[in-house]
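1. here is my input, please return the structure:
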Amino acid sequence: MCHAASRVGDTPSSVPDVLAPGLACVFCGINPGRVSAAAAAHFANPRNDFWRLLHDAGFTPRRYEPDEQFELPSLGLGLTNAAYRTTPGSGDLRRGDFDRDAFEARVAGVRPRAVAFVGKEAFRGLYAERAELGAQLRSIGPTGLFVLPSTSPANAAVSYDERLRWFRELHEWLEPTPRDAARALVVDRDDRVLLVQYRRLVGDDTWWGVPGGGVDPGETHPVALARELREEIGLYDPDLGPHLWDHVGEFPWQGVLYRQTNSTYLVRVDTHEPEATIDLAAEGVADIRWWTLDELGAAEGPFAPADLVERVRTILAA
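-> This is a model prediction of the structure:
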């Protein structure tokens, strides 16, 4: 896969972002040190283990040099920093050097599968939170977050083998877990549709979608959908109609990256007042409401799938 990456001059830093749409993982350092700034390359200090770890963990077919950084997007990898200002050490950074909104906009602009922070302080600088190593509950939209040990020579207290273990765990984690889900487009006698607003358990991300959820082992789609509709909206014994569409989504949820195949079916009701039979907050559900087609057309979303309104409009017009 070939990606066109950003180069020097695209960022307010002597060390350029190496970014392109659709990467598997963007590695995020804390900020450029003087050696990296002089080389205009990420992790350029010869005592920094980043490039060695990248190869030994299986991300690259050989050990790359810092001046080969623009070869990484062809492997699905990118590079950025949490702060752009060059300092002798990360301890010289100030709170104002970190711009979380700009960072998240940068990530959202290319939508990688994940961002891996190279060091806890890179994550802490942006989010003012102490993170444990590994997958995080927080995400940036559909982009999962992972924290690695720092590869800096200043982190000598952590052995190379321990750092390699976390890089290898990241490599494995980046392969999404397949998941099957059954969902329902619930339509009432007035052609209103019932949508659920989902919210990530950490952060502010919300989106609207049709009710439903994961298919448990041994369940068929009708059985799973009956269970989900009973739990989420209190609808018992739904009259399951035809299969309408499938869509595949990749997303992080509770520290796991999923590739979910959503199969959506038509369910018609005369009228129904949604009332959950489980704790929806624990399931990441923030709201449930009926929508007219006009209301959907005027809404900003976001929706899942992104073209949900167009799909609904086509089905209701049939």
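2. that's a strand at residue 26, yeah?
-> Yes: secondary structure assignment places residue 26 in a strand (DSSP: H, G, I helix; E, B strand; the rest coil).
3. can you give me the strands in the stretch 101-250 of the chain?
-> Taking DSSP state E, counting those that start in this stretch as the criterion, the stretch 101-250 of the chain carries its strands at 114-118, 134-140, 143-148, 177-187, 193-199, 206-209, 212-214, 240-253.
4. give the contact list for the residue minimising distance to the centre of the chain.
-> Centroid check for the chain by C-alpha atoms, centre = their mean gives residue 143 as the closest residue, at 1.9 Å. The neighbourhood of residue 143, defined by C-beta atoms under 8 Å, 6 or more residues apart in numbering, consists of 107-108, 111-115, 252. C-betas here are computed from N, CA, C, even on glycine.
5. so where is the protein shaky, pLDDT-wise?
-> Under the criterion of pLDDT under 70, the regions of the chain flagged as low confidence span 1-12.
6. and the strands of the stretch 101-250 of the chain as TSV, adding distance to residue 87?
-> Formatted as TSV, the strands of the stretch 101-250 of the chain follow (distance: least, C-beta to C-beta, whole Å):
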stretch	distance to residue 87
strand 114-118	16
strand 134-140	25
strand 143-148	21
strand 177-187	39
strand 193-199	37
strand 206-209	37
strand 212-214	46
strand 240-253	31
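7. deepest of these, which one?
-> Compared across the strands of the stretch 101-250 of the chain, strand 114-118 shows the largest average neighbour count, a mean of 26 (mean count of other C-beta atoms under 10 Å).
8. let's see the distance spanning stretch 38-49 from one end to the other.
-> 18 Å (C-alpha to C-alpha, to the nearest Å).
9. domain ranges for this structure, per the record?
-> Here the domain parsing of the chain from automatic domain parsing is 25-173, 177-317.
10. pick the most deeply packed of these.
-> The densest packing among the domains of the chain, expressed as mean neighbour count by mean count of other C-beta under 10 Å, is seen in domain 25-173 with a mean of 18.
11. how long is that one end to end?
-> 11 Å.
12. wait, doesn't residue 79 sit right on residue 23?
-> No: here residue 79 lies out of contact with residue 23, judged by C-beta atoms under 8 Å, at a distance of 9.9 Å.
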